[in-house]
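Novice: have a look at this fold, sequence not included:
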């Protein structure tokens, strides 16, 4: 089966100048928001591939006309714009990045079965972590308690899948690592709002997260946990005030 | 001799249909194991302990779950037949985007119509469904580029993702006495739907509208009984 990816150029056969010229024509723009875990996924993927890009911070209360034009269906970030064309939905963007820039580290295993397993867990993370995690930091009482329990169960299941691997992708990050690690920025907020200790409940997951954070491609892509906590606390207070008011 | 590929599924499920169409396109022989779902079989619970749902594809006893993940697996694991996903990364991203839209937004809205508590909610739900279909009419235009399917000359990933819902769309049209995919509002989808349903890789797995309607009525009765207790 031949690869006809238009921009895959075998590295050794081109001079540096030619590569630079090719790179310049392939401008990459990321429409993003600093606290979005979905935006963080794309930042990590771009960093892992060593791709130069222009990051544009969106004001979500006053979305740019570019965002509305590039993502008319969902009107959400992240949006990757590559050579003028938009790609939306974080995990679709991550797979796109992996498929276009093939001459760098791979974010997907090569074996079809391993690919299916990686996609399964990335999908699981997408289905569960954001919505359940949000309930932990945004709500209180019984709703919060139930969400906390469920979140810990999800984390434990992910720990089981990780096993004794360095990363979900083995020695390197794969799409499961990329899908999950942004939620590490929520840990302080989750623990403080939910009054529990993630390291006590899921020490292996925290170990994995710290190994991810040791990589510059990850640590440079994620905001500080305390900054996120302040931001989420504000959203929490607004939400609770809205319920009571 | 036991077949190396098995599918755990149920005839009314659009998700199961996706797996079967993909396997047909790749000329893969497999054993179809009809799951009663009540109760869920040992094999299902063992193969999909996380979600406990169908379809599950078993290849040499190794389970693959989630219908669109199965379709991609079948495309990558079997080299017979034509590709299900396009080779160009941008086109792949577009097809994945619309498949995700269908599963995350459109189909839940569609299901919401049959579960609507009153006429007003139902009308609102139908409006959402129709808006979605109008978007998909545009998407068909862009993806097909004048060709018969979203995938071009042959059925592809997005055809499978969307087409598997057609049986249920027809049931909803019949039960509510409305048109959802119509000749005047969504002419391209209307023609595509007929082509898709008649295709060799699809026709044996597309449930008959009458049979599916009977199943739907039974489901609705169960849902209403549960909702009123």
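Specialist: Received it, and whenever you're ready, just let me know what you need. Owing to the predicted nature of the structure, the values given are computational and were not obtained by experimental measurement.
Novice: three-state assignment of the most centrally placed residue in chain A?
Specialist: For chain A, the residue sitting closest to the mean C-alpha position, by CA atoms, centre = their mean, is residue A:41 at 2.2 Å. Put simply, residue A:41 is helix when judged by DSSP: H, G, I helix; E, B strand; the rest coil.
Novice: check contacts around it.
Specialist: The contact partners of residue A:41, by CB atoms under 8 Å, 6 or more residues apart in numbering or on different chains, come to A:78, A:90, A:91, A:93, A:94, A:178, A:179, A:182. C-beta: built from backbone N, CA, C; applies to glycine.
Novice: out of these, flag the one nearest to residue B:90.
Specialist: residue A:93 (11.4 Å; CB to CB).
Novice: so that closest one is in contact with residue A:81, correct?
Specialist: No - judged on CB atoms under 8 Å, residue A:93 makes no contact with residue A:81 at a distance of 10.4 Å.
Novice: pull the distance from stretch B:180-191 to the chain's centre.
Specialist: Stretch B:180-191 has its C-alpha centroid displaced from the chain centroid by 18 Å (CA atoms, centre = their mean, to the nearest Å).
Novice: average pLDDT for it, rounded please.
Specialist: The average pLDDT for stretch B:180-191 rounds to 96.
Novice: okay, helices next: where are they in chain B?
Specialist: If DSSP state H is used as the criterion, the helices of chain B fall at B:14-25, B:42-47, B:67-77, B:89-101, B:107-114, B:119-144, B:157-163, B:166-176, B:187-198, B:209-228.
Novice: do the same with chain A
Specialist: In chain A, the helices defined using DSSP H lie at A:16-25, A:37-48, A:65-70, A:90-100, A:112-138, A:141-162, A:175-180, A:187-194, A:198-201, A:203-213, A:216-219, A:225-244.
Novice: could you check the third one and say which residues are buried?
Specialist: Counting neighbours by 16 or more other CB atoms under 10 Å in any protein chain shown, one finds that the buried residues in helix A:65-70 are A:67, A:70.
Novice: same question, the fifth one
Specialist: Taking 16+ other CB under 10 Å as the neighbour-count basis, helix A:112-138 is seen to contain the buried residues A:112-113, A:115-126, A:128-129, A:132-138.
Novice: before we move on, the earlier item: if you rank the contacts of residue A:41 by neighbours, which is first?
Specialist: residue A:178 (31 neighbours; other CB atoms under 10 Å in any protein chain shown).
Novice: kindly provide the distance from that residue to residue A:221.
Specialist: According to CB to CB, to the nearest Å, residue A:178 stands 10 Å off from residue A:221.
Novice: kindly report the same for residue A:242.
Specialist: 32 Å.
Novice: now do the contacts for the most centrally placed residue in chain B.
Specialist: Taking CA atoms, centre = their mean as the criterion, residue B:164 is the residue nearest the geometric centre of chain B, at 2.8 Å. Residues counted as contacts of residue B:164 (CB under 8 Å, 6+ apart) are B:14, B:15, B:17, B:18, B:21, B:67.
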